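Q: just a sequence and a predicted model for now, questions to come.
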Amino acid sequence: FGYLIGLALGLGQITSLYVAVALTFSSTIIIVKLLSDKREIDALHGQIALGFLIVQDLVVVLAMIVLSAIGIGAPDHGGQAGGSVLTVLASGLALVGAVVLFVRYAANPLTERLARAPELLVIFAMALAAMFAAVGDLVGLGKEVGGLMAGVALASTPYRETIAARLAPLRDFLLLFFFIALGATLDLSLLGANLTGAVVFSLFVLIGNPLIVLAIMGAMGYRKRTGFLAGLTVAQISEFSLIFVAMGVSLGHVGEDALGLVTMVGLVTIAASTYMITYSHQLYALFEPLLGVFERKGTPREPSEAAAHEVGNCRIIIFGLGRFGTAIGLRLKRRGIRVLGVDFNPQAVRRWRDLGLEAEFGDAGDPEFIAELPFRGAEWMLSTVPIHPTSLSHEDTRKTLIQLARSAGFSGRMAAASHSSGDTEALLGAGVDLVLEPFQDAADRAVELLSGSAVEDRTDFPEIAAEGRAP
């Protein structure tokens, strides 16, 4: 589609092809950051988005290797095109093979020894990146591909979180210069010439890309809500898109105006899509009546998780199947109380079912899902979903859940977990009957046990202990 739009705008075939490929990639950095801030990485749409982002990153590596091979095989290299292309492709395979061997045999023991001195681990990570970048540049793959391969190698080690955390200040510092370089490529004197193309391509990325993903996911059997939320994550282009076009400029395939055009599209789509992802649930509520055409009857993909078990009437419904929710569910089950757990993380749902508890896959903010829950006979509804003050989304899922449950006919009592006094007051004001404060309640219980004013009556829960959690 991007290629056809480029031709319609009067771009050449090669330029249209470069721009079309550039529009294909989405920014993994931005999407992961926003989904993490919204605590939706573990949601179904978050996992699907991460899946195709990984595929995109693999494809862009292959595309950059092919471009490097084309550059080496250009006529400027004295007629050795065929041999040079084969050399670059062989070098790319060799570099990938080196990463595989490093990850398989050397990465874990080496990083484990270096981790005894955190400074050595950081220096090693930087040295490995520089070495791979130098090797990639030497064999014609480019420094970008080499650096990316180094990151893949480091990501396979058990110390990747430590490395990422210690490199974060350096990454953020260098990111400043990355955006300075992007701004330097945007020639404002060419703004008028690129304006129409930038507007058209930006609208295509912001609207067309999500619609394409929504249509594909609908055809695969996902619900329209999952497809819409996943589709919004591709409403921008990637930093790799700019690098890809810049390589085309260095090879002489496209002109500087093409790089300026793609840069403008990147600036517009990255800025706009940030707010689209941040307010994705509000956008879904706005467009939900128009999205029925993208949903297959029965949505065969999601019922495999959501409706695999017939659920009858339960006395207590728990939203959020993390450590706190699981501990409560197991204790209620031991007392013979029937509990239904709800979470939007498929792994958490499977874990609950493995523990012998009833669980449903679903989102607490989805009106359609909430309306289908077995509220008849339910006495309590408990939300243990954490709300983080650093989240970019100001929407409190717990308050939304209260409103949706009341609208769906739930007449029982509401309970919610809180981690601050201010949050407790807000929940009580929203209509919650009981606020649980895990840290305060645990402290009160500990004082009772230590002072001898309470009889210790603890039941071991090996299911939780097996996960390294306190019973």
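A: That came through, no problem. Just so we're clear, the structure is a prediction, and the values are computed from it rather than from any experiment.

Q: can you give me phi and psi for residue 319?
A: phi -100, psi 120 (degrees, to the nearest 10).

Q: I'd like to know how far it sits from residue 43.
A: 13 Å (CB to CB, to the nearest Å). (Glycine included, C-beta is placed from N, CA and C.)

Q: okay, those two: which has more neighbours?
A: Between residue 319 and residue 43, residue 319 has the larger neighbour count (other CB atoms under 10 Å), namely 26 against 20.

Q: quick check: closest non-adjacent residue to residue 163.
A: Take residue 163 and drop its neighbours on the chain: the residue closest to it by CB to CB, 6 or more residues apart in numbering is residue 125, 4.9 Å away.

Q: right, and the secondary structure at the one you found would be what?
A: Here residue 125 is helix, with the state taken from DSSP: H, G, I helix; E, B strand; the rest coil.

Q: and the one helix or strand residue 57 maps to, what does it pack onto?
A: Using DSSP states H and E, residue 57 maps to helix 44-72. For helix 44-72, the packing partners by 3 or more CB pairs under 8 Å, 6 or more residues apart in numbering; DSSP states H and E come out as helix 13-24, helix 28-37, helix 81-101, helix 143-155, helix 224-232, helix 239-250.

Q: I'd like those helices as TSV, with distance to residue 121 appended.
A: Listed next are the helices and strands packed on helix 44-72 as TSV, based on distance: least, CB to CB, whole Å:
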stretch	distance to residue 121
helix 13-24	35
helix 28-37	22
helix 81-101	18
helix 143-155	10
helix 224-232	35
helix 239-250	26
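
Q: go through these and find the least confident stretch.
A: Set side by side, the helices and strands packed on helix 44-72 give their lowest mean pLDDT on helix 81-101, at a mean of 73.

Q: past that one, which element shows up next along the chain?
A: helix 107-114.

Q: which elements pack onto that next one?
A: helix 118-138.

Q: buried stuff in the helix it packs on?
A: In terms of neighbour count (16 or more other CB atoms under 10 Å), helix 118-138 has its buried residues at 121, 122, 124, 125, 128, 129, 132, 133, 135, 136, 137.

Q: check stretch 41-59 too.
A: So for stretch 41-59, counting by 16+ other CB under 10 Å, buried means 41-50, 52-53, 56-57.

Q: cool, stretch 446-455 as well?
A: For stretch 446-455, it's none, nothing buried (16+ other CB under 10 Å).

Q: so what's the gap between it and the chain middle?
A: 44 Å (CA atoms, centre = their mean, to the nearest Å).

Q: pLDDT averaged over it - what is it?
A: 78.

Q: distance check, residue 374 against residue 331.
A: 21 Å.

Q: same question for residue 22.
A: 54 Å.

Q: okay, the two: which has more neighbours?
A: Each of residue 22 and residue 331 has its neighbours counted (other CB under 10 Å); residue 22 has more, 29 against 14.

Q: my guess is that one meets residue 244, correct?
A: Yes. Between residue 22 and residue 244 there is a contact under CB atoms under 8 Å: 5.5 Å.

Q: kindly report the domain assignment for this protein.
A: The chain resolves into domains spanning 1-73+83-290, 316-451 when parsed by the TED database.

Q: with distance to residue 297 as extra columns, can I get those in TSV?
A: Shown next, in TSV, are the domains of the chain (distance: least, CB to CB, whole Å):
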stretch	distance to residue 297
domain 1-73+83-290	10
domain 316-451	14
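
Q: burial measure for the closest residue to residue 67 other than its chain neighbours, as a count.
A: Excluding the flanking residues, the one nearest residue 67 by CB to CB, 6+ apart is residue 247, at 5.0 Å. Residues near residue 247, counting by other CB under 10 Å, number 21.

Q: do the one 10 residues further on as well
A: If you count neighbours by other CB under 10 Å, residue 257 ends up with 16.

Q: let's verify residue 360: helix, strand, or coil?
A: Looking at residue 360 with three-state DSSP, the answer is strand.

Q: can you start the count at 344 instead of 1 from here on
A: Noted, 344 is the first residue going forward, which turns the last one into residue 703.

Q: so what pLDDT did it get?
A: Residue 703 is given a pLDDT of 86.

Q: ok, now residue 805?
A: pLDDT, residue 805: 51.

Q: next: residue 641.
A: 67.

Q: circling back: residue 703: which of the helices and strands packed on helix 387-415 is closest?
A: helix 567-575 (14.9 Å; CB to CB).

Q: now do that closest one against helix 387-415, angle only.
A: Going by axes from the mean of the first three to the mean of the last three CA atoms, to 10 degrees, helix 567-575 is angled at 30 degrees with respect to helix 387-415.

Q: what's helix 567-575 in contact with?
A: 383, 386-388, 391-392, 552-561, 565, 616, 619-620, 623-624, 626-627, 630-631, 634-635, 637-638, 645, 706, 709, 711 (CB atoms under 8 Å, 6 or more residues apart in numbering).
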